[in-house]
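Undergrad: Have a look at this prediction, sequence included:
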Amino acid sequence: MIRTIVRDPLLLQMKARKASSNDIALACDMADTLDANRENCAGIAANMVGENVAIICVMIGSVCTLFFNPEITEKKEPYDAMEGCLSLDGLRKAKRYQKITLRFQDMYMQWHTMTYNGFTAEVIQHECDHLQGILI
């Protein structure tokens, strides 16, 4: 189900609670919502669809990839980025890292650790900020 994008900064600044297997339907809705908005964004966090849960969905290639309880454990090669957000108007400067290591759970609540770089790493960092209530 495609959900409405939240644009209220007060709601977006709330920290997310830990995700569980009870949040799989929400995650599926997030994938549908990102797919419907793929021309305008490359990732969404659960609070962007009105749920303060630690789930992000990121386009990796042409696939909507879900991450439950993501934690960035390593950051390398800082740079300044100009980013937009589906929930906010305009572009804003953000400090990002070219290469990150991410620890996360999948939909079966199994833990994984992966390394991402480039644009995918930037999107993951943006969405993980959302989970902490940080807006660009």
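TA: Yep, it's here.
Undergrad: Just the buried positions in the lengthiest strand in the chain, please.
TA: Longest strand in the chain, counting residues (DSSP state E): strand 63-85. By 16 or more other C-beta atoms under 10 Å, the buried positions in strand 63-85 come out as 64-70, 72, 81, 83, 85. Placement of C-beta: from N, CA and C, glycine included.
Undergrad: cool, stretch 11-23 as well?
TA: 12, 16, 19, 23.
Undergrad: which residue sits closest to the last one in space, ignoring its chain neighbours?
TA: Read that as Asp23. What sits nearest to Asp23 in space, not counting adjacent residues and going by C-beta to C-beta, 6 or more residues apart in numbering, is Val53, at 5.3 Å.
Undergrad: and the gap between the one you found and Lys99?
TA: 27 Å (C-beta to C-beta, to the nearest Å).
Undergrad: swap in Cys41?
TA: 22 Å.
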